[in-house]
Each structure stands twice: as C-alpha cells, then as structure tokens.
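Participant: quick one: sequence plus predicted model below, questions after.
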Amino acid sequence: MIEKNTANIYVISGPSAVGKDTIIENLQKLDNNFHFVVTATTRKPRKTEKEGINHFFYSKKTFNKLIQNNELIEWAKVYKNYYGVPKSQIFEPLKNNIDVLLRVDVQGAKRIKELIPGVVLIFIKPEKIESLRKRLIKRGVNTTTEMTTRLKTAEKEIQTSDFFDFIVVNKDGDLQYAVNKVLDIIKDNKS
C-alpha cells in the first residue's frame, strides 16, 4: 500500500468513448491547479493526440521494460493494447503537494484504490449505451467486432460501478454538465 500526503488524487474512469478525455481537456481549461497524469500505452495515437500530452506512446518492448523496472503504479492489457500509469506522474506532483487527476479504465481504478485507498474515484456514465455506440462510430478507429466488444464491456462496467465514490452522467449534448459536476466534486473534496 502507498501512503498519500495532503494533496488529493482524483481518478476519472468509465467505459470506452464515454468522454473521459474530453471532460479532462475541459477541466484543464477551467482549473489548471492539478497535475494531469499522462498515462503510457502501446496503442497507436489517434489523429488529434500528441506524445506526452494525451499519452506516452510506447512499443510493447519498451512498455515491458517499464513493467520489469517497476516504473508503473498499475498496468493492464485492454482491448489488445497495454496501458499503465507511470509512478513519476503520481509521486512527483504529490511530493510538491499538487493535486493529481488521472484517467484510467475501470480495472485500473480498482487497482489504484487498492494501492492508494484515499483516492477519489469518479465514474463517468453515458446517458445511454447508444451514446457510446455513436461516439465509437464517430471515432472511426474500431471495427464492428471491436465496437461490439467495447459496448458489452461498457454494460458490465456500468453495472459494477457502485464501488466508485461518485457517478457523473455525461449527458448527450451537454458536456458542460459533466465537466461542472466533476469540478464540483473536486472543489468539495478540497475543503
């Protein structure tokens, strides 16, 4: 188990295509008093993603070296790619008493809660499963089979989301609602 100091760690999680990245990007515009964790992955960057901003994009060989060198707080294989949270992305800001905000998948959120019990877990839930399907189609990076797998996984994640501290609905056509709710949770937990 890892001890945390007076700075808070906020974990944003939820199904694929629920809008986690978009919510975090909007939070960055409203409040930049956080360290926004950059996670590591072996997947290829999407057209709009940048190295060191959206993710650290690694080969599987390099990612395996991170695992072997114990440089990740947690990692998992998700949809044929590896994702992980570099320890430095958490510990350096905490040493400087800076709050940390990170985005991980649901299994990663569970693992981080086991390692750091004081983290605040925020689950982003779609208004309806159909919303996720439309977002996955709009992304244009998944096959029909991959989308079906992601939607089935999303249904399971939503059903088991009760271990999260907060659940925020990302309403269709009202992104600002979810952004404001997450910001309210963070402000309330700073008090």
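Facilitator: Cool, got the structure.
Participant: report pLDDT for the most centrally placed residue in the chain.
Facilitator: With distances taken as C-alpha atoms, centre = their mean, R103 lies nearest the centre of the chain, 1.7 Å away. At R103, the pLDDT value in this model is 90.
Participant: next up, the contacts around V78.
Facilitator: With contact set as C-beta atoms under 8 Å, 6 or more residues apart in numbering, V78 has these partners: D105, Q107. Heads up, the C-betas are built off the backbone N, CA and C, glycines and all.
Participant: tell me where the chain has strands.
Facilitator: Residue ranges of the strands in the chain, as given by DSSP state E, are 9-13, 34-36, 39-41, 55-57, 72-78, 81-86, 99-103, 120-126, 166-170.
Participant: distance to L183 added to those strands, as TSV?
Facilitator: As requested, the strands of the chain are exported to TSV (distance: least, C-beta to C-beta, whole Å):
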stretch	distance to L183
strand 9-13	10
strand 34-36	11
strand 39-41	21
strand 55-57	23
strand 72-78	25
strand 81-86	22
strand 99-103	11
strand 120-126	11
strand 166-170	10
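Participant: so how many other residues sit close to L101?
Facilitator: By other C-beta atoms under 10 Å, the residues close to L101 number 23.
Participant: same deal with the one 4 residues further on?
Facilitator: Taking other C-beta under 10 Å as the neighbour definition, D105 ends up with a count of 20.
Participant: so where's the chain uncertain?
Facilitator: Residue ranges of the chain with pLDDT under 70: 1-5, 191.
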